[in-house]
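**Q** A predicted structure for the sequence below; I have some questions about it.
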Amino acid sequence: MKLTESQIEELYKFTRKHYVYHYDVQTELVDHLANDIEEIWEENLNLSFDDARDISFKKFGIFGFMDVIEAKQKQMNKRYFKIMWRFFREWFTFPKVVTTLGLYFLFFCILKMPYAKYILLSLLLILVIFDLRKQTIARKNQKRKTNKEEKIFLLEEMISGARNSFSGLLFINVFNMMNAFRVSFNSMENHWLFLISFSLTVVVLLFYVTGFLIPQKAEELLQETYPEYKLVKNL
């Protein structure tokens, strides 16, 4: 006996009730539950839908769907880092490598200036203000989707969440790094300035990739990852 559309919808609500919030994970679990319920019915036709569903759910163990959610998160983490690395390494290929080298030498020139620390802190402050504005807009959009009960995919939330967490770590670490040096940057030997310039360049590129480039291409990346994404968004 096959499940009806309303029963499939009930399984989606059931997964949501058990703390599965992302549509792609819900769909994976609903497919599994639906197939298992149909197999249970083949053995015992007298069981109600709720009873068969509960029997199937108990097979997941005392932690319920948590193991499945954790496995899916690990899978999407790997996917996200592959995407990040793909965009990041493009900045070391022609013609973008020219911009990368320009940024590198710009930092080197700034570090040679007498007030390099204050210039870098001012640039950092500008980035913080700009990024906070972007984060506020992103949170409002996320809240709107939640209130409207729109279908949210795991990778979609990771793209939004990663930029926020990475930005915070970036700003704190750069600030701490600049305050860690007890001597002026312009008094340091060139090999140290080369290393610091390289580190700052990498940090800025990572910030750009995670904070702007990947979110800008989110729609394309989600369609690439989830064949059903475009269909779901058009419903």
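**A** Nice, I can see it.
**Q** need the nearest residue in space to the most centrally placed residue in the chain, chain neighbours excluded.
**A** Geometric centre of the chain, nearest residue: Met158, 2.3 Å, by C-alpha atoms, centre = their mean. Sequence neighbours aside, Tyr80 is the residue nearest to Met158 in space, at 5.2 Å (criterion: C-beta to C-beta, 6 or more residues apart in numbering). Yep, even glycine has a C-beta here, placed from its N, CA and C like the rest.
**Q** longest helix anywhere in this structure?
**A** In the chain, with assignment by DSSP state H, the single longest helix is helix 116-147.
**Q** give the buried residues for that helix.
**A** By 16 or more other C-beta atoms under 10 Å, the buried positions in helix 116-147 come out as Ala116, Lys117, Leu120, Leu127, Asp131, Gln135, Ala138, Gln142.
**Q** what's the closest of the residues you listed to Ala34?
**A** Gln142 (29.5 Å; C-beta to C-beta).
**Q** wait, Thr225 sits on Leu155?
**A** Yes: in this structure Thr225 lies within contact range of Leu155 using C-beta atoms under 8 Å: 5.5 Å.
**Q** what's the overlap in contacts for those two?
**A** Arg79 (C-beta atoms under 8 Å, 6 or more residues apart in numbering).
**Q** any idea which helix or strand in this structure has the lowest mean pLDDT?
**A** helix 154-180 (a mean of 71; mean pLDDT, DSSP states H and E).
**Q** tell me which residue of the protein is furthest from the middle?
**A** Outermost residue of the chain (C-alpha atoms, centre = their mean): Asn46, 45.0 Å.
**Q** is that one part of a helix or strand, or is it coil?
**A** coil (DSSP: H, G, I helix; E, B strand; the rest coil).
**Q** tell me how far it lies from Ser199.
**A** Distance, Asn46 to Ser199, by C-beta to C-beta, to the nearest Å: 68 Å.
**Q** please apply the same query to Gln73.
**A** 30 Å.
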